[in-house]
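>>> what's the 3D shape of this:
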Amino acid sequence: MKKIYLFFLLIFISCSIDDGDQIIEPSINNWVFVACEGNYGASNGSITMINDSGEIKSVSDLGDVVQSLEVYKNKLFVIVNNSHKIIAFDITKDGLRLPGIEIDTKNSSPREMKIVNDKLYFTNWNTSDIQILNLNNYVIEDFIKVDGKPESIEYDGNNLWVGIQLNEDYSDGNKLLKINTDNNSILESFEIGKGPTSISIINKNVYVANTYYDAQYNAYYGTSRVNTIENKVDINNYGPGIVCGGDVLNFNNEIFRSFDGGIAKLGDDLKILDETKIGSYDPAQLYSSKIIGEYIYFGITNFQDINVVKVLDFNNNEISSYNVGLIPGDFAYWESN
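As a prediction, the model looks like this:
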């Protein structure tokens, strides 16, 4: 997940024509997609694509703030936050088929998404809800109204978990909702640490990265955990600074948290285990992190001329480095069948 601001925050492709559709080349077996937000208000959000040979392609000018990505079957879904739309692209070994299908979310300010059984659930700030897009007909067919601004969303195999990032008055929220996808009802609400920005689930424990702010907009960080068997909540507040960031990640049933320019394991008491840290980048420039397979992908940016994805293994070796679009904030992975 990315850093959250109170107000939301090109490489050109060479294409060929196939039956009137543009197809990004070349032919490969895997894509890592990087959501590059672009400048708020500038409509220069983009997607950088990295194939299994390390080649890079980009789809530019997708709209105002490319917020999040999700791969489902052979499609890439893209939320463009301040353009209030979702774009669905077909993925093939040759790339993305353009221009894709656009779904207007009607000024909802969509944020993050999770796909369950051909239904795309996406969180929205302006409308304070989770809306449900039917992927068989691309119709938004229902919504779940919530109290506040929902952001992070995850699925445990039975229920959705949604973090309320902000209250309606834009103060920091502290609720985690458990939602039944059979009838789209809110089953439970848990009070956790302020500002839930990322969720990861291991067995019956839901881990949440917290990022919240004081009156002077200084950032504070923490981690929360909900034991869903005992309905017990644990919170560890780390305090102010830029050393943490906003991601919790699951690797081999161990939880890592973004920390001090990298990621590090969490102990049972939710303390960050400094000695396990992987990555040592400028904490002020580490914007996002994602574990894909056996590697960690870090999005690095100074919001201007430094926009890089670093790939590390779990022995703390930097494997690759890629120049990408402006403000790399989310990742998704596709592998051909």
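>>> Could I get the pLDDT score of residue 152?
Here, the pLDDT recorded for residue 152 equals 98.
>>> same check, this time on residue 11
pLDDT, residue 11: 32.
>>> same check, this time on residue 278
Looking at residue 278, the pLDDT reads 98.
>>> correct me, but it touches residue 261?
No: the pair residue 278 / residue 261 is not scored as a contact, 10.1 Å apart, by C-beta atoms under 8 Å. C-beta coordinates here come from the backbone N, C-alpha and C atoms, glycine included.
>>> any idea how far residue 151 lies from residue 279?
For residue 151, the distance to residue 279 (C-beta to C-beta, to the nearest Å) stands at 24 Å.
>>> Stretch 153-161: end-to-end distance?
This stretch, stretch 153-161, spans 6 Å end to end (C-alpha to C-alpha, to the nearest Å).
>>> got the buried residues for that stretch?
Residues of stretch 153-161 classed as buried by neighbour count (16 or more other C-beta atoms under 10 Å): 153, 154, 155, 156, 159, 160, 161.
>>> ok, now stretch 249-260?
Across stretch 249-260, burial judged by 16+ other C-beta under 10 Å covers 249, 251, 255, 256, 257, 258, 259, 260.
>>> which residues sit against that stretch?
For stretch 249-260, contacts defined as C-beta atoms under 8 Å, 6 or more residues apart in numbering pick out 200-203, 207, 209, 223, 243-248, 263-266, 272, 274, 276-278, 280, 283, 286, 289-291, 296, 314.
>>> Which PyMOL command selects the buried ones in those residues?
Selecting the buried subset of these in PyMOL, with 16+ other C-beta under 10 Å as the burial test, is done by:
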select buried, resi 200+201+207+209+223+243+244+245+246+247+248+263+264+265+266+272+276+277+278+283+286+289+290+291+296
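>>> among the contacts of stretch 249-260, which are in strands?
Using DSSP state E, the members of those that fall within strands are 200-202, 207, 209, 223, 248, 263-265, 286, 289-291, 296.
>>> The buried residues of stretch 249-260: which two are farthest apart?
Taking C-beta to C-beta, the two most distant members of the buried residues of stretch 249-260 are 251 and 260; they sit 17.9 Å apart.
>>> Nearest to residue 138, out of the buried residues of stretch 249-260: which one, please.
Nearest member of the buried residues of stretch 249-260 to residue 138, counting by C-beta to C-beta, is residue 249, at 30.8 Å.
>>> for the stretch 1-150 of the chain, what are the low-confidence residue spans?
When residues are selected by pLDDT under 70, those of the stretch 1-150 of the chain lie in 1-28.
>>> so where do the strands sit in the stretch 1-150 of the chain?
Remark: strands assigned in the stretch 1-150 of the chain by DSSP state E, counting those that start in this stretch are 15-18, 21-24, 30-36, 45-51, 56-63, 66-72, 75-80, 85-92, 95-104, 110-116, 119-124, 129-134, 139-145, 149-155.
>>> The fifth one - contacts with which helices or strands?
Strand 56-63 sits against strand 45-51, strand 75-80, strand 95-104, with contacts defined as 3 or more C-beta pairs under 8 Å, 6 or more residues apart in numbering; DSSP states H and E.
>>> For residue 138, give its distance to residue 75.
Going from residue 138 to residue 75 by C-beta to C-beta gives 11 Å.
>>> same deal with residue 46?
18 Å.
>>> Neighbour count for those two, which is higher?
Neighbours were counted for residue 46 and for residue 75 using other C-beta atoms under 10 Å; residue 46 has more, 24 against 18.
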